[in-house]
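>>> need a 3D model of the sequence below.
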Amino acid sequence: MVFKKMLRRLGVGGPTVDTVLRSADTQPGRTLTGQIELTGGDHDAVIEYIALSLVTQGEVGDGQPSVFEFARTIVSGEFTLAEGEQRALPFEFVVPWETPITTFYGEPLRGMAIGVRTELAVAKAVDKGDLDIVRVHPLASHERVLEAMANLGFRFKSADVELGQIRGTRQQLPFYQEIEYYGPPGRITEAEVTFVTTEFGFELVLEADRRGGAFSGGGDAIGRFDMSHVDADGHDWEGAIGQWLDRVAQYSHHGHHHDGHHDHGHHGGGGMGGVIAGAAAGVVGGMVLGEVLDEVGDSFFGEEEE
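Reported below is the predicted structural model:
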């Protein structure tokens, strides 16, 4: 499928740019491919560079939405685009393993959006253009966990991205995704699922909300599972998550925190614990937070496919 977006014109009579994705569907660890098609304007123009970046919307410490740039590739350095010239620049863009999921079984996860942004520098001006929205599907190993959640009676609520780092994980990006569920009747009120994914496997962090009056202990209970993609595909996730829920209920009724893991580095006012200062400073595990922008809301989620 070809997914195409016309970027706005850079100045009167300047060049125009089309970003064409071979497919708007991808997965963590895969490669987005396509080409950038340029058409020269009514005069020669020196293109200083063309770059692509992956961006998503998330929350910073005060709960305000911002746009995070979390991956970037340079498609071309400086060259001259002649008057009326047409040129196509192919690209390959590796999707980070920790990229949030936006689609499950063909349905969008409410609250999630990821886009490829084209950035073109010409005449000392930088135009970041518009966004090409991409659909990030879960890996097969992720699907097994999400299917188990549904089989256990969890109902999807929403998903979001938060700036921060989860303590004790191999997290590289400066943010993480939370997939939120309403809990099974009579067991817990709500739960959140976070994947910290690598090439070889993932760390699954589960959080059960015990503040809705269902438990006497209060607070949140945290469960962690670390597994390879191969093993995760055949793992009994219904049994493993079900046993964790039983332990949560057992400890909660006695007023204790589950396994002492109630704080795992969640950023912000949610239930997973404290703030990691390095994330807010823009550097987490060697990964630089490219940008935290104010251009959010309709400017990000309001993009339309052509």
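>>> packing partners for the host helix or strand of Q243?
Q243 is part of helix 237-253 when elements are defined by DSSP states H and E. Counting by 3 or more Cβ pairs under 8 Å, 6 or more residues apart in numbering; DSSP states H and E, the packing neighbours recorded for helix 237-253 are helix 140-151, strand 201-209, strand 220-228. Where you see a C-beta, it was placed from the backbone N, CA and C, and this is true even at glycine.
>>> mean confidence score for the biggest strand by length in the chain?
As assigned by DSSP state E, the longest strand anywhere in the chain is strand 45-59. Averaged across strand 45-59, the pLDDT comes to 91.
>>> which secondary structure elements does that strand sit against?
On a contact count with 3+ Cβ pairs under 8 Å, 6+ apart, strand 45-59 meets strand 31-39, strand 65-76, strand 79-81, strand 86-94, strand 114-122, strand 155-163, helix 298-301.
>>> in it, which residues are buried?
45, 47-48, 50-59 (16 or more other Cβ atoms under 10 Å).
>>> pretty sure V145 is touching E238, no?
No - V145 is beyond contact range of E238, at 10.0 Å (criterion: Cβ atoms under 8 Å).
>>> look at those two and report which has more neighbours.
Higher neighbour count among V145 and E238: V145, with 22 against 15, using other Cβ atoms under 10 Å.
>>> please report the distance of the residue nearest to E59 when sequence neighbours are not counted from R117.
Excluding its sequence neighbours, the residue lying closest to E59 (Cβ to Cβ, 6 or more residues apart in numbering) is E162, at 5.1 Å. Separation of E162 from R117 (Cβ to Cβ, to the nearest Å): 21 Å.
>>> try M149
Taking Cβ to Cβ, one finds M149 at 32 Å from R117.
>>> again with L131
Here L131 is placed at a distance of 5 Å from R117 (Cβ to Cβ).
>>> shared neighbours of the two, anything?
Common contacts of L131 and R117 (Cβ atoms under 8 Å, 6 or more residues apart in numbering): V55.
>>> tell me what E178 is bridged to.
D160 (DSSP bridges).
>>> repeat that for G34.
Beta-bridge partners for G34, by DSSP bridges, are L21, F91.
>>> list the contacts for it?
F3, T19, V20, L21, R22, P90, F91.
>>> turn the buried residues of strand 45-59 into TSV, columns for distance to T189.
Formatted as TSV, the buried residues of strand 45-59 follow (distance: Cβ to Cβ, whole Å):
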residue	distance to T189
A45	58
I47	54
E48	53
I50	48
A51	44
L52	41
S53	38
L54	34
V55	33
T56	27
Q57	26
G58	24
E59	21
